[in-house]
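Visitor: can't give you the sequence, but here's the structure:
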Ligand SMILES: N[C@@H](CCC(=O)N[C@@H](CS)C(=O)NCC(=O)O)C(=O)O
């Protein structure tokens, strides 16, 4: 459980830091970012928001660009930002395309050679990292919320629907809601999970809801209408339809003019922190 500290900085009265550790699940050194609010300095354990970034990003991106830290500080929330894929797995060609391999781990455990040895971000996120952060940081492991952007939005929805007892609250920005039916998901799932689509349903939020998975709290989704990936990769109407049919509480908000970038996230991040706070501090 030893952590290596790469840098730490005072921010919004708390501390933001970037760390690495030897991951059992990944079999490699893994990096993550964390914000610990000042409230935790008095020995109090605080709720944590886990934030999952999208394709091409890393463990720094969400903390740096979303503007979340100021709002987390006000609420007394920690923020934990995992990386978006293993690093150093040595899979041939893993850096060749931006939507597969490096920075494109899709928050799942690969079952296919050559990915399966190290591409285990699913178990890393659902088990190893929460255990680690609740052990070495003043975090209350019973009050964890999960949010993400794009590929990270997919990760947030899937993990929260599969483990609502661990992830007590969930929200997403421009998530890939139905990866089994869009090019990003089809490419990644074929490589990581194999061509047999029957194994994909457990990794697709729309299909999870259709097959009976539920989250007890409202799922908040924000989506920009000028997002360049809206119709090809994201299609929030798919999960909205599934949620309506299933009776899953969900709020899908469409925002005219906003694109896929962190400028969009920055514009609505406060609402997401408020959404999580209403559940985690109830
Ligand atoms: N590289 C892609 C875009 C990738 C992209 O937009 N990634 C999103 C997540 S899916 C992101 O947040 N990128 C980092 C950033 O905007 O800072 C392209 O050329 O179209």
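Guide: Cool, got the structure. For clarity, every value in this text was computed on a predicted model and none was experimentally measured.
Visitor: Skipping its backbone neighbours, what lies nearest the residue of the chain found nearest the ligand in space?
Guide: The ligand sits closest to residue 54 of the chain, with a gap of 2.8 Å, by C-beta to the nearest ligand atom. All C-beta spots, glycine's among them, are computed from the backbone N, C-alpha and C. Nearest non-adjacent residue to residue 54, counting by C-beta to C-beta, 6 or more residues apart in numbering: residue 150, 3.2 Å away.
Visitor: Quick check: that neighbour touching residue 61?
Guide: No: with contact defined as C-beta atoms under 8 Å, residue 150 does not reach residue 61; the gap is 11.0 Å.
Visitor: Please name the residues that touch the residue nearest to residue 54.
Guide: Counting by C-beta atoms under 8 Å, 6 or more residues apart in numbering, residue 150 makes contact with 54, 55, 173, 174, 175, 176, 229, 234, 260.
Visitor: Check residue 52 too.
Guide: Counted by C-beta under 8 Å, 6+ apart, residue 52 has contacts 62, 81-82, 84, 107, 125, 146-149, 151-153, 155-156.
Visitor: Now do the phi/psi pair for it.
Guide: phi -110, psi 120 (degrees, to the nearest 10).
Visitor: ok, what's across the strand from the most centrally placed residue in the chain?
Guide: Centrality entry for the chain: nearest residue to the mean C-alpha point is residue 52, 2.7 Å, by C-alpha atoms, centre = their mean. Taking DSSP bridges as the rule, residue 52 bridges to residue 148.
Visitor: ditto for residue 35
Guide: Counting by DSSP bridges, residue 35 is bridged to residue 16, residue 79.
Visitor: how much space between residue 199 and residue 109?
Guide: Residue 199 is 11 Å from residue 109, where distance means C-beta to C-beta, to the nearest Å.
Visitor: For those two, indicate the residue with more neighbours.
Guide: Between residue 199 and residue 109, counted using other C-beta atoms under 10 Å, residue 109 has the larger neighbour count: 20 against 14.
Visitor: ok, how many other residues are close to the closest residue to residue 98 other than its chain neighbours?
Guide: Nearest residue to residue 98, sequence neighbours excluded (C-beta to C-beta, 6+ apart): residue 56, at 5.2 Å. Per other C-beta under 10 Å, the neighbour tally for residue 56 reads 14.
Visitor: Doesn't residue 56 belong to a strand?
Guide: No: counting by DSSP: H, G, I helix; E, B strand; the rest coil, residue 56 falls outside a strand, being coil.
Visitor: Touching, it and residue 103? I think so.
Guide: Yes: shown here, residue 56 and residue 103 form a contact pair, counting by C-beta under 8 Å, at 5.3 Å.
Visitor: element containing residue 8?
Guide: Assigning secondary structure by DSSP states H and E places residue 8 in strand 4-11.
Visitor: for the residue of the chain closest to the ligand, what are its contacts?
Guide: Residues near residue 54 by C-beta under 8 Å, 6+ apart: 84, 148, 149, 150, 151, 152, 153.
Visitor: how about the residues of the stretch 101-250 of the chain that lie near the ligand?
Guide: Residues of the stretch 101-250 of the chain lying near the ligand by C-beta under 6 Å from any ligand atom: 149, 150, 151.
Visitor: one more time with 8 Å
Guide: 149, 150, 151, 152, 174, 228, 229 (C-beta under 8 Å from any ligand atom).
Visitor: so who does the third one touch?
Guide: For residue 151, the contact set (C-beta under 8 Å, 6+ apart) comprises 52, 53, 54, 55, 84, 104, 106, 107, 176, 184.
Visitor: And the fifth one, by the same measure?
Guide: Contacts were defined as C-beta under 8 Å, 6+ apart; by that measure residue 174 touches 149, 150, 153, 222, 223, 224, 227, 229, 230, 234, 260, 264.
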